[in-house]
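1. got a structure for you, letters missing:
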Ligand code: F6P
């Protein structure tokens, strides 16, 4: 009987549990056993795993986070870890491993696959920045949360005649900012793909005042940076995959807006609220489709592939394509958002 390992790595994300549930259910239909590996690659390195049954995944569909736990452990960082991961894959008697994660988890999956493990990937991230898939699950939940927050900021901004700066996640891509900014009717949306021109931002806000709109909502992605400037970071230390911790641009921007326009400005940093809680129906369905399709790839022995949403179809794409580059916001979409600036 086939034994399929499942792990979730990187930042948690609404929709992970629907994927796990779908993999376990479809595997059971196919007559496969499933093994949950705890805390991403860390669990494979330490052989920390549990048998998963339909009973263990019962009731997890609406739950946020991941029942398997997660970590940002990189199996290629510490000497000896890669060897341990490969050896434990064999000791656990796995016939295949389904890795659910973003560019880091899937990058490691791709490397391990080249070293002989039979791996299939599932794209996860609220950032929606993974190449070779139209959308990742988790993104829809995140933009719905952010949109609701922008709606709430609107009412207080309007009452106090204030400028409200809302800092959102997304790392080096502005998908969350653009989608939620457009959905929430933000007056300015700033993204990493387009350097921030503070004079332009202030003139858009002043223009609104001239039209009698004495409040403004500015959505800024955490990875946005000023012209000729660097990204604003929370700490200089890099994580195991070489990422810096972004955050703080909202406050810097709010200070500049207040000093240049004279209008009272407040900042809200949404942080991890954006990826907490129950997944939306869209994310539950996308996660479920991805989970079932991942088991299909295993059945067809299509290792080294990732399930992907292409239009309205779920297809298999190579992991190498998925991790080759980041998917950033296209000009066409940002131009539409721009139409509503000011
Ligand atoms: O990749 C998801 C994400 O939430 C990013 O948007 C954000 O920059 C990062 O993870 C935050 O990471 P952590 O949870 O380690 O603070």
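-> Perfect, thanks for sending it. Please read all numbers here as calculations on a predicted model, not as lab measurements.
2. Can you point out the buried residues in stretch 224-235?
-> 224, 225, 226, 231, 232 (16 or more other C-beta atoms under 10 Å). In this view, the C-beta of every residue, glycine as well, is placed from N, C-alpha and C.
3. a markdown table please, covering the residues you listed and showing pLDDT.
-> Shown next, in a markdown table, are the buried residues of stretch 224-235 (pLDDT from 0 to 100):
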| residue | pLDDT |
| --- | --- |
| 224 | 98 |
| 225 | 96 |
| 226 | 94 |
| 231 | 89 |
| 232 | 91 |
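4. And for residue 311, the neighbour number?
-> 7 (other C-beta atoms under 10 Å).
5. same thing with residue 237?
-> 9.
6. Which residues are in contact with it?
-> Listed by C-beta atoms under 8 Å, 6 or more residues apart in numbering, the contact partners of residue 237 are 244, 245.
7. gap between the two ends of stretch 293-311?
-> 15 Å (C-alpha to C-alpha, to the nearest Å).
8. Not counting that stretch itself, show me its contacts.
-> By C-beta under 8 Å, 6+ apart, stretch 293-311 touches 2, 4, 19, 22-23, 26-27, 30, 32, 95-96, 98, 106, 110, 113-114, 118-123, 132-135, 286, 289-290, 314-320, 322.
9. quick check, nearest of the buried residues of stretch 224-235 to the ligand?
-> residue 231 (10.6 Å; C-beta to the nearest ligand atom).
10. got a list of what that closest one touches?
-> 192, 223, 224, 225, 244, 246, 249.
11. Go back to those and keep what's next to the ligand.
-> Restricting the contacts of residue 231 to those touching the ligand (C-beta under 6 Å from any ligand atom) yields residue 246.
12. Out of the contacts of residue 231, list just those in strands.
-> 244, 246 (DSSP state E).
13. least confident pick among the contacts of residue 231?
-> Ranked by pLDDT, the contacts of residue 231 bottom out at residue 244 (91).
14. And the ligand, is stretch 88-100 touching that?
-> No: judged by C-beta under 6 Å from any ligand atom, stretch 88-100 stays clear of the ligand, getting no closer than 13.5 Å.
15. Tell me which residue in the stretch 151-300 of the chain sits closest to the ligand.
-> Counting by C-beta to the nearest ligand atom, the stretch 151-300 of the chain gets nearest to the ligand through residue 169 (3.2 Å).
16. quick one, what contacts that residue?
-> Residue 169 neighbours (C-beta under 8 Å, 6+ apart): 126, 127, 142, 176, 221, 222, 270, 271, 274, 275.
17. 6 Å instead, please
-> Shown in contact with residue 169 (C-beta atoms under 6 Å, 6 or more residues apart in numbering): 176, 222, 274.
18. Against residue 141, how distant is the last one?
-> Per C-beta to C-beta, to the nearest Å, residue 274 is found 8 Å from residue 141.
19. What of the first one?
-> Distance check for residue 176 against residue 141: by C-beta to C-beta, it reads 11 Å.
20. more crowded one of the two?
-> Higher neighbour count among residue 176 and residue 141: residue 176, with 29 against 25, using other C-beta under 10 Å.
21. Assumed that one was part of a helix.
-> Yes: with DSSP: H, G, I helix; E, B strand; the rest coil as the criterion, residue 176 is located in a helix.
22. surely it meets residue 166?
-> No: using C-beta atoms under 6 Å, residue 176 is not in contact with residue 166, being 10.7 Å away.
23. rewinding a little: quick one: which of the contacts of stretch 293-311 sit in strands?
-> Reading strands off the contacts of stretch 293-311 with DSSP E, I get 4, 96, 98, 119-123, 314-318.
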